[in-house]
Structure formats: structure tokens, C-alpha cells
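>>> All I have is the shape, not the residue letters:
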């Protein structure tokens, strides 16, 4: 599953970030394998959307979210 | 010695800089408000030594993504300071520590300042400072930049650390890749960090539900922008402006009475009374508009809403190949093109930056308002508000259309932290206002002072330096020479053409030239309703003032680009005005 599919308010763990133009930046902002992420709100136009990670709020585009592989945390 | 302040955006770095130096620095919430590298001497109360601090733009790492981040990392790597103070937001330590590791890796002597420590403790978080310092191998000090707690200690540590030669291989540098660095950070955080118990951002979440909500975000944004325009151009700014205009008019008339009495010649009296007081006055009376506008814009910035605007508008901006972050310079463009063009430094990517620089002057700057209000109230007294609103929209539409025509090759990336909302601090707001007003007044008394004296001289003398009659002044001759170019647009008149030339120096000069040479009644001899409209369209779209040209050259780094943009704007303005005059 990729991050864009994660329902708002749900938590997941980052598995990997696929090779892409913004990969380094995504990793540098703290989206590295093993990090818990919570899906946040979408912009009123649907894109970009918010990710709550490492105690802060980061907004990224859905195209970047599609590159982030996650596994949904078990309840 | 020199100490650099490095830290993420929104970590309170600029506040710390203000506390350290007591200088007039602007505190921004919007990522990237620190567009210039600012330095200042540390206050005596913090240090007896001649220590200079340099405030770097906020960065997340040392890999540059925008022009601004490039400036920060180049400064650190090419002109290494004696010490670096890494500023971290204590309430989100793990993200902040990434930059700290990168800094340690450069082997620059580094001290870590844990800012906003008071907020962390208030929410039952804590840091084992001694342990953190051991794990990182650098001194760590808890501070609160707003009230100066711990800052003296921080300065002392930073001055001391510069004397050490760094260890050959700091222990943390075994973590090479980004993932390894974060693995190290996670282990450090587990070891000595208790994050804040109640999320400090809960209130921000609530506010965002409304301000960024699906149904409410766009109305909120439009209301915010509408309110800014209303307050600036109608409720507060415009009234104050009228008051000042009256004041300068009286001053000019009084001077014309007093000066001859104390023995000034007729020429000097006219130069001072009409040329200088009239010219500078017509510009200074404009100051309230600028002050109110910038006050409101920095309110948006400091409160954290500016970042939301970028978040909300990213999708529509993408149609132009831009990102949401580029919406902010465009908004600033309604105030003044010069700071707006400079604000493009936060843009991610040279291509999008150039496009934004191109687009900014299409957002009608506030210096064009006197022209619009003079002509629209003279020729369309019933609908002047509607006409002005229409002109603003026309400007935006032309900018967007010309970019759509240019097409999008690649889209600027977007990645943005949404900071928590904060109460803007009055002290900071007024500091930044005073600076803006000062800049503007300085401009009025230098550039515009000279320009109005020159304009007056051009208007009062012939090429043989004899006093000019009705139609033989230098300006009239120059205007007359290029006037035929404007005949197809409906205003092939020497005075109109001359005012357009004057407008290339400062847009305010369009009105002052028109009114100096024509007077209000004279307008009707030069313009018809149709040609007045075409003239306003031309003023709206033709190249911005010399200062904006200089900013364009500086930010794009090329005269060719700046000149190219200028020629393109001339063409667009000519054809648009031609279209209005011929087909309406």
C-alpha cells in the first residue's frame, strides 16, 4: 500500500520510498523506513495533503505520496 | 568572531537573532521569510566580546533545493564561520536533529540550542541535556529565545567552542546515509527525550479544520484577501492618504508664498514648491497605503496563515507549472513588485522562480492606484470602483494567460511544513513596519526626489534651457516624438506619452506628470472615456518601474532576461490597449 491510500486519521509505518525526483528530500524531511505516519487533511482542491510525522505537520503532493510504501499499523 | 545561526524554518531562529542583537529583524512564520543574510553584533548584555551573528535562511538540510537554501549552505561551506549555533525546536526534536547531524558532519564547531524549551516543559516533555550532549558530542543548551532565558550561556558556549579543534571523526559521523542518520536520531530520542504530552498543535488542528476545510478554505481565503484590500484601499489607508495629500498641497502653496518673501528667485520657488514638494509629496502621501498593506501581509505571515495559502493554492498554481509556495510572492506583488520579486528566493527550482518573477508585475502594484483612481473617477464617476476591480482582474488574467501560452515544461516540486498558528507579536510587527516605512521614505527622498526634480526640469525648460512655453518643454518634445506610437491606442498625445516615460522611473510619477502639466480639467482635452480606459490598461500592463527592473535583473541574474521581460510587457500592453480602444 502507498501513503496516498491511507485513510485520514489512520496511522501507518513507512516501509520504503521508491526512486523518484524528490526521494532525497522526502527522506531528509524524516520520511524514512520505520517511521510512523498519520494521514492528515487534504487541501480543498484534493491535493496536496498533510502528513503528521515526527511531531510536525508536513504537506506533500499525492504524486509524492504514491512513492511512499507503507504498512498499516495493527490496532 | 563570527557565529552563524542555522536551523529549520519556524524554529524561532529569527527571534533568537532579534534577542541576540536587538536589531530590527522580521520574525516570519512563513517558511523562508529570512530572504537575506542578516548579521548584527551581539548585545553587550550577552557578551563582552565583539561577536557577530549571521542569521541564515531556514533550511532542513545542507542540500540546497531553493535559491535561499543554496545561500545558506554555501555560506556555511565556503565561508566557514568561527562557530555555528544550531537552533532546534524542542517540541519536535527528531526532525530538528537531522540538520544538526549534517552540521556536525561538516566539522564546523557547533553548539545546539534547544529553543522553545518552556513550551516543551509546559506540556510535560523533557530532555536529558547532559546525555544528549554526550551522544552528539557537542554542547547543548536549553533556551527560550522570546524571553532570553539561557541565551547568555549559549553565547558563552558558542564563543568557547570556536577555540576547539573538532575531533577528527565525531562519533555520530559513522551514520552516513539519511536513513542511518535518522536511525541514530531515533535511538538518541528514545534515550534522552520525552516528547510533549499534549500536542501543542491541537489548537492549530481545530483552526485548520475551518481555515483549510473543504468547503470553508476558499471562502476564508477570499475574505482574507478582500479584507486586506478593503482595509488598505478604502477604510484606513486611502483616508490617511487623502489627509496627507491635502497637507502637502497646503505646504506647497505656503512655500510658494513664503519663498519669494525671503528672496528666492521665481525659478527656485517653482522648483521647490511644484517640483520637489509636489513630487515627493505625491509619493509620500502614498505611504499610509503601503504601511497598511504591509502591516496586514506581515500579520498573515507571522500568524502562520501564509503557509496555509500555499497549501490551499498548490493545485491551481500547478496548472501554471508553479507550486503553492509561489502564490505568496504573487500576493505581495499587489503591494510592491520589488519585495515580491525578492521573495521568489524561496521558490524551489530556477524555472518556477523565473516564471514567478515574470508574473509578479501583472499583479497591479499599489503605485498604480493613483493613476487608476484619478482617471476612473474623472471618466467613470459612477463605476470607478468597478473599473478598478476590473483592472486588477485583467492584470491577473493577462499574466496567467501569457504563462499558459508559454506552457509548462516541468512542475516545481512542493513540500511544505505547516507551522502552528501563533499570535503575532506586536513588537515584531511594528519593527518590520518601521523598516518598510523607512525604506519607502528613503526611496521617496532619494530616487523620487531626484526623479521629480528632473521631471520638473524637463517639463519647465526647453532643450536650450530657456523657460518652456506650452509645447516646447523637453518632456513635451520627447513625449511628442514617441506620441505617434500611441495614436492607435487613442492617446497619441505628448503629455500622455511623457507621463508614461516618467512612469518607467516610478509608477507614481504617471499621475504627478499628468497633473503637473494638465491639471484635472485638462484631462478631458487629452482623453476620452474610451482612450482613458485604454491608457489605464496600458499603465496596468507596461513594464514596472526601474527598481523592479533592477530586482528582476538581480533575481534572475541576467540583463537579457530582464530586458526580454520588459520588451514582452511593452508588446502585451500595446496590443491589449489597442484591442480595448478599437473593439470596445
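In hand now; what should we look at? Please read these numbers as outputs of a predicted model, since none were measured by experiment.

>>> from the stretch 251-400 of chain B, which residue is nearest to chain A?
When scored by CB to the nearest CB, the stretch 251-400 of chain B has residue B:315 as its residue closest to chain A, at 3.6 Å. In short, each C-beta sits where N, CA and C put it, glycine included.

>>> Please name the nearest non-neighbouring residue to that residue.
Leaving aside its sequence neighbours, residue B:315 sits nearest to residue A:45 (CB to CB, 6 or more residues apart in numbering or on different chains; 3.6 Å).

>>> how close does that neighbour get to residue A:38?
21 Å (CB to CB, to the nearest Å).

>>> Name the residues that touch stretch A:14-31?
For stretch A:14-31, contacts defined as CB atoms under 8 Å, 6 or more residues apart in numbering or on different chains pick out A:3, A:32-37, A:51, A:53-54, A:58, A:60, A:64, A:67-71, B:60-61, B:63, B:65, B:94-95, B:98, B:178-179, B:182, B:413, B:415.

>>> Pull out the buried members of those residues.
Using 16 or more other CB atoms under 10 Å in any protein chain shown as the burial test, the contacts of stretch A:14-31 include A:3, A:32, A:35, A:37, A:51, A:53-54, A:58, A:60, A:64, A:67-68, A:70, B:60-61, B:65, B:94-95, B:98, B:178-179, B:182, B:413, B:415 as buried.

>>> what's the burial count for the nearest residue to residue B:414 once chain neighbours are set aside?
Closest residue to residue B:414 apart from its sequence neighbours, by CB to CB, 6+ apart: residue B:323 at 4.1 Å. Per other CB atoms under 10 Å in any protein chain shown, the neighbour tally for residue B:323 reads 25.

>>> go on, residue A:2?
By other CB under 10 Å, 15 other residues sit near residue A:2.

>>> who's in contact with it?
A:65-70.

>>> Same question for residue B:268.
residue B:259.

>>> Tell me the secondary structure of residue A:14, please.
Following DSSP: H, G, I helix; E, B strand; the rest coil, we place residue A:14 in the strand state.

>>> Give the bridge partners for it, please.
residue A:70 (DSSP bridges).

>>> Quick check, pLDDT for it.
Residue A:14 is assigned a predicted lDDT (pLDDT) of 96.

>>> do you know how far it is from residue A:65?
According to CB to CB, residue A:14 and residue A:65 sit 11 Å apart.

>>> which neighbours do those two share?
residue A:3.

>>> Count residues in the vicinity of residue B:430, would you?
When neighbours are counted by other CB under 10 Å, residue B:430 registers 13.

>>> ok, now which ones touch it?
Contacts of residue B:430 by CB under 8 Å, 6+ apart: none found.

>>> go on, residue B:11?
B:58, B:87-89, B:96, B:115-116.

>>> With residue B:518 instead?
Residue B:518 makes contact with B:495, B:525-526 under the criterion CB under 8 Å, 6+ apart.

>>> Now tabulate the residues you listed in JSON lines and tack on pLDDT, distance to residue B:303 and secondary structure.
Below are these laid out as JSON lines (pLDDT from 0 to 100; distance: CB to CB, whole Å; DSSP: H, G, I helix; E, B strand; the rest coil):
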{"residue": "B:495", "pLDDT": "83", "distance to residue B:303": "46", "secondary structure": "helix"}
{"residue": "B:525", "pLDDT": "86", "distance to residue B:303": "50", "secondary structure": "helix"}
{"residue": "B:526", "pLDDT": "87", "distance to residue B:303": "46", "secondary structure": "helix"}
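
>>> of all the residues in chain A, which ones are close to chain B?
Counting by CB under 8 Å from any CB of the partner chain, chain A comes close to chain B at A:21-22, A:24-30, A:32-35, A:41-48, A:50, A:53-61, A:64.

>>> Which ones among the residues you listed map onto helices?
Judged by DSSP state H, helices contain the following of the residues of chain A next to chain B: A:24-28, A:64.

>>> Residues of chain B that sit close to chain A?
So far as CB under 8 Å from any CB goes, chain B lies against chain A at B:60-61, B:63, B:65, B:91-95, B:98, B:178-179, B:182-183, B:186, B:195-196, B:199, B:201, B:204, B:208-209, B:212-215, B:217-218, B:311-312, B:314-316, B:324, B:413-418.

>>> give me that answer again for 7 Å
By CB under 7 Å from any CB of the partner chain, the residues of chain B that approach chain A are B:60-61, B:63, B:65, B:91-92, B:94-95, B:98, B:178-179, B:182, B:195, B:201, B:208, B:212, B:214, B:217-218, B:311-312, B:314-316, B:413-418.

>>> Helices - which of those land there?
Under the assignment DSSP H, these contribute B:94-95, B:98, B:178-179, B:182, B:208, B:217-218, B:311-312, B:314-316 to helices.

>>> Would you check which pair of those lies furthest apart?
B:179 and B:218 (38.9 Å; CB to CB).

>>> one step back: any chance of the contacts of residue A:2 in JSON lines with distance to residue B:577 and pLDDT as columns?
Output for these, formatted as JSON lines (distance: CB to CB, whole Å; pLDDT from 0 to 100):
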{"residue": "A:65", "distance to residue B:577": "46", "pLDDT": "96"}
{"residue": "A:66", "distance to residue B:577": "47", "pLDDT": "96"}
{"residue": "A:67", "distance to residue B:577": "48", "pLDDT": "95"}
{"residue": "A:68", "distance to residue B:577": "51", "pLDDT": "96"}
{"residue": "A:69", "distance to residue B:577": "55", "pLDDT": "96"}
{"residue": "A:70", "distance to residue B:577": "56", "pLDDT": "95"}
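
>>> Return the member of those residues nearest to chain B.
Minimum distance to chain B across the contacts of residue A:2 is 11.1 Å, recorded for residue A:65 (CB to the nearest CB).

>>> does the closest one really touch residue A:1, like I thought?
No. With contact defined as CB atoms under 7 Å, residue A:65 does not reach residue A:1; the gap is 11.0 Å.

>>> Which one's more surrounded, the two?
Legend: neighbour count by other CB under 10 Å for residue A:65 and residue A:1, higher for residue A:65 (22 against 12).

>>> what's the weakest-modelled helix or strand in chain B?
helix B:279-284 (a mean of 68; mean pLDDT, DSSP states H and E).

>>> just the strands in chain B please.
Under the criterion DSSP state E, chain B contains strands at B:2-7, B:38-41, B:52-55, B:83-89, B:110-115, B:126-127, B:140-142, B:193-194, B:415-417.

>>> quick one: contacts for the closest residue to residue B:88 other than its chain neighbours?
The spatially closest residue to residue B:88, leaving aside those adjacent along the chain, is residue B:96, at 3.5 Å (CB to CB, 6+ apart). Shown in contact with residue B:96 (CB atoms under 7 Å, 6 or more residues apart in numbering or on different chains): B:8, B:11, B:88-89.

>>> any idea which of these is least confident?
Among the contacts of residue B:96, residue B:11 has the lowest pLDDT, at 88.

>>> Could you measure from it over to residue B:55?
Taking CB to CB, one finds residue B:11 at 12 Å from residue B:55.

>>> With residue B:376 instead?
Between residue B:376 and residue B:55 the computed distance is 44 Å (CB to CB).

>>> Please say which of these two ends up with more neighbours.
residue B:55 (25 against 22).

>>> That one contacts residue B:12, correct?
No. Using CB under 7 Å, residue B:55 makes no contact with residue B:12, being 11.7 Å away.

>>> where's residue B:494 relative to chain A, distance?
As judged by CB to the nearest CB, to the nearest Å, residue B:494 and chain A stand 50 Å apart.

>>> Quick one: residues contacting that residue.
B:476, B:479-480, B:483.

>>> Give me the neighbour count for the closest residue in space to residue A:67 that isn't next to it in sequence.
Excluding the flanking residues, the one nearest residue A:67 by CB to CB, 6+ apart is residue A:18, at 4.2 Å. By the criterion of other CB under 10 Å, residue A:18 has 12 neighbours.
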